[in-house]
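In: model the following, please.
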Amino acid sequence: MANKAGKAPRSRASKRAPPPNPQNSVFQFSEGSLFAESKKFIDETNAQPFRDFAYILLAVLVFLVWRLFSAYSSKHSDAISIWSLFTWGLVGMINLWSFMMVMICKKRGGDIGVARVTDEDVLRAIWMTGVVGGWLGLATQRYKLTDRSFMLKVAGVSVINLLWFILIGVKRVQDLSQ
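Out: The predicted structure is shown next:
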């Protein structure tokens, strides 16, 4: 279509939606948002979500270990394989969790917005069989310590976890030999 002299070309009406209004956004972080309400609740109640989550994981882990030992005592091979998968799967997830907590403490100073990850939270994750993930995180992230006794605590927890794994191994060897 040729443009005639003296007439400006017509602009086509945009069929796009208007730009979103930031005040109506679902993901806004203002005073009325879910983020602000969560932070307010944690501040007011002195909540420690990582501690509470660790206790829930510990309860699930104790249940899985109990079921695994029950399967060993019944010598049912299918039950042993299923409960082993669940137990060691959870241990793997705990190791990933402890690695991520070390990484959050190193990279972001423990601040994730709503709550703060402290050395106690990292130690608790390592204590719950997250030894491999914890040591891997400490080694790869060049973790700076806020408390010098933290490494002694991590070493002590690692020895306790090593004894726990040895006891499980001894129990399994005894059950399989009978």
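In: what packs against the helix ranked longest in the chain?
Out: In the chain, with assignment by DSSP state H, the single longest helix is helix 77-108. Packed against helix 77-108, as judged by 3 or more CB pairs under 8 Å, 6 or more residues apart in numbering; DSSP states H and E, are the following elements: helix 49-74, helix 119-127, helix 131-140. Every residue, glycine included, has its C-beta placed from N, CA and C.
In: buried residues in that helix, which are they?
Out: Of the residues in helix 77-108, 80, 83-84, 86-87, 90-91, 94-99, 101-106 count as buried by neighbour count, 16 or more other CB atoms under 10 Å.
In: report the inter-axis angle for that helix versus helix 119-127.
Out: 160 degrees (axes from the mean of the first three to the mean of the last three CA atoms, to 10 degrees).
In: and the helices and strands packed on helix 77-108 as TSV, adding distance to L163?
Out: Listed next are the helices and strands packed on helix 77-108 as TSV, based on distance: least, CB to CB, whole Å:
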stretch	distance to L163
helix 49-74	15
helix 119-127	13
helix 131-140	12
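In: among these, show me which one is buried the most.
Out: Of the helices and strands packed on helix 77-108, the one with the most neighbours on average (mean count of other CB atoms under 10 Å) is helix 119-127, at a mean of 22.
In: return the alpha-carbon coordinates of that one using PDB.
Out: Extracted in PDB, the C-alpha atoms of helix 119-127 (Å, rounded to 0.1, in the frame of the first residue of the first chain):
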ATOM      1  CA  ASP A 119      25.200 -22.300  62.600                       C
ATOM      2  CA  GLU A 120      22.900 -24.200  65.000                       C
ATOM      3  CA  ASP A 121      20.600 -25.100  62.100                       C
ATOM      4  CA  VAL A 122      23.600 -26.300  60.000                       C
ATOM      5  CA  LEU A 123      24.800 -28.400  62.900                       C
ATOM      6  CA  ARG A 124      21.300 -29.800  63.500                       C
ATOM      7  CA  ALA A 125      21.100 -30.900  59.800                       C
ATOM      8  CA  ILE A 126      24.600 -32.500  60.000                       C
ATOM      9  CA  TRP A 127      23.600 -34.200  63.200                       C
END
